[in-house]
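1. heads up, no residue letters with this:
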């Protein structure tokens, strides 16, 4: 067995045996191998070999070393000091290759794919600012009210005969923010032949939701609907389960749980759970319901694995990376790794937190978060922070929001939800994810500024709002944070990676 100290950092008996018995080049999966040392009469695999990794984006060398003590290498006469110097040079090239990898999962074990695949995301206009740069409070209110009204209070799946197969999970799950249009969309294909949908990607839910061809209500009209009949979709398979989604406003949506082929980020998985919504209540109104959740399965109404988890079970790495940008064409979801080129430094990792009274991981959240001002904590307590790509702001319980704003000298309360500050002296806002708050991730001032106060262009509205949205004392961390910082979820080791974004 040989260890590759290079781009892939993997072990492989397949590469070390049989390849080095020939002096000519052999190619395997985009890699070319040359034996570095061997005696003319020695028919055993050489003690060293060089691996050239070549692809459209990467050209790098790596060194293969045997898994045995170093002194054993010197015991063979064919290894000379000159050869060892050559080996050291090859090792230096290998280490350089490691630093050159543009996308990957650090020491995460590769599972069948040489590099992660990415999906470009499109940002829809959130409409938060009027033409004169002032805040459009009606739109902002629709986000806030939608966040409260659309919080799921009960998730369960029922068999066709009405027998409950899954009990209430013990937490309230944010499925989507429905008061206005969610922000980040990508293209997803479902079925065979593929039916194309533009879905929003939600880090605070788990289900893949699309309208069904059976949905003929006014709410479904104008939406792309999934036709999963055998004549239209050869890979769809019904589970004969009906998924009921209940909202705190009393409305209910129903859907059929399917298993189907799904393609996203250039990666195709089979038997992905899909909820085809057969009915949507009129109370939902214009809220967007077409989405792909990315979080843990405990948030799923059908206890289904989200797409990145299914991809892992079918060979991808157990990690995804999310990059949201204020610049057009720069936002992306990476499945099976993350895009190192977007990071300004190495990511720091934090354990995924549990929700209160829950024994299952659900949200993509960190337990010991705190907002900061000027690099210093602006809250006495440390609170859970839930990452949610479907809200444009940060939402905190009103008491915590008031405490945060009390540290801003120019802050003035508009009401218990909104605060303004002097536009000429914007606060230096960031987030930290440990009790000591030694590492702070900044939020760009231009993102924290939602716009000016109508009628007073010298006062700006801050992006940290006060509202109870049914998640206890947790903060909801929206895209004002994502625009400055890269998010990684490693769901094999149950850790969240965060790093400042590079130039975005």
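-> That came through, no problem. A quick note: this is a predicted structure, and the numbers were derived from the prediction, not measured. Numbering: from 1, shown residues only.
2. quick one, phi/psi of the nearest residue to residue 447 once chain neighbours are set aside?
-> Leaving aside its sequence neighbours, residue 447 sits nearest to residue 480 (Cβ to Cβ, 6 or more residues apart in numbering; 4.5 Å). C-beta here means a position set from N, CA and C on the backbone, and glycine is covered the same way. When quoted as degrees, to the nearest 10, the phi and psi of residue 480 stand at phi -60, psi -30.
3. got the contact list for residue 480?
-> Contact analysis of residue 480 by Cβ atoms under 8 Å, 6 or more residues apart in numbering lists 392-394, 443, 447-448, 463.
4. which of the residues you listed has the weakest pLDDT?
-> Among the contacts of residue 480, residue 392 carries the lowest pLDDT, at 87.
5. is it correct that that one is in contact with residue 476?
-> No: Residue 392 is beyond contact range of residue 476, at 10.7 Å (criterion: Cβ atoms under 8 Å).
6. got any residues that touch both of the two?
-> What both residue 392 and residue 476 touch, as defined by Cβ under 8 Å, 6+ apart, is an empty set.
7. any weak-confidence spans in this structure?
-> By pLDDT under 70, the low-scoring segments of the chain are 1-183, 246-251, 282-289, 504.
8. that one: helices as residue ranges?
-> 13-16, 70-74, 81-100, 137-149, 307-313, 398-405, 445-448, 479-482 (DSSP state H).
9. what sits closest to residue 309 if chain neighbours are left out?
-> Computed as Cβ to Cβ, 6+ apart, the closest residue to residue 309 that is not its neighbour in sequence is residue 491, at 6.5 Å.
10. drop anything exposed from the contacts of residue 480.
-> Buried members of the contacts of residue 480, scored by 16 or more other Cβ atoms under 10 Å, are 392-394, 443, 447-448, 463.
11. what's the most distant pair in these?
-> Greatest spatial distance among the buried ones among the contacts of residue 480 (Cβ to Cβ): 392 and 443, at 12.4 Å.
12. who touches both of the two?
-> 463, 480.
13. quick revisit: in strands only, show me the contacts of residue 480.
-> Applying DSSP state E to the contacts of residue 480, the entries found in strands are residue 394.
14. need the contacts of residue 480 in JSON lines with distance to residue 198, can you?
-> Shown next, in JSON lines, are these (distance: Cβ to Cβ, whole Å):
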{"residue": "392", "distance to residue 198": "19"}
{"residue": "393", "distance to residue 198": "23"}
{"residue": "394", "distance to residue 198": "26"}
{"residue": "443", "distance to residue 198": "28"}
{"residue": "447", "distance to residue 198": "24"}
{"residue": "448", "distance to residue 198": "29"}
{"residue": "463", "distance to residue 198": "26"}
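15. of the contacts of residue 480, closest to residue 500?
-> Distance ranking of the contacts of residue 480 against residue 500, using Cβ to Cβ, places residue 443 first at 10.5 Å.
16. tell me the contacts of the nearest residue to the closest one once chain neighbours are set aside?
-> Nearest residue to residue 443 in three dimensions, chain neighbours excluded: residue 429, at 4.7 Å (Cβ to Cβ, 6+ apart). Residues near residue 429 by Cβ under 8 Å, 6+ apart: 371-373, 442-443, 445, 448, 462, 464.
17. what subset of those residues is buried?
-> Here, 16+ other Cβ under 10 Å leaves 371-373, 442-443, 448, 462, 464 buried among the contacts of residue 429.
18. and which of the residues you listed is nearest residue 271?
-> residue 443 (39.7 Å).
19. tell me how far the closest one lies from residue 225.
-> Remark: distance between residue 443 and residue 225 (Cβ to Cβ, to the nearest Å) = 38 Å.
20. which residues does stretch 222-231 contact?
-> Stretch 222-231 has contacts (Cβ under 8 Å, 6+ apart) with 190-191, 195-198, 210-213, 215, 233, 236, 238, 256, 258, 260, 274, 276, 290.
21. number of nearby residues for residue 224?
-> Using other Cβ atoms under 10 Å, residue 224 has 13 neighbouring residues.
22. give me the phi and psi angles of it.
-> When read as degrees, to the nearest 10, the backbone of residue 224 gives phi -70, psi 130.
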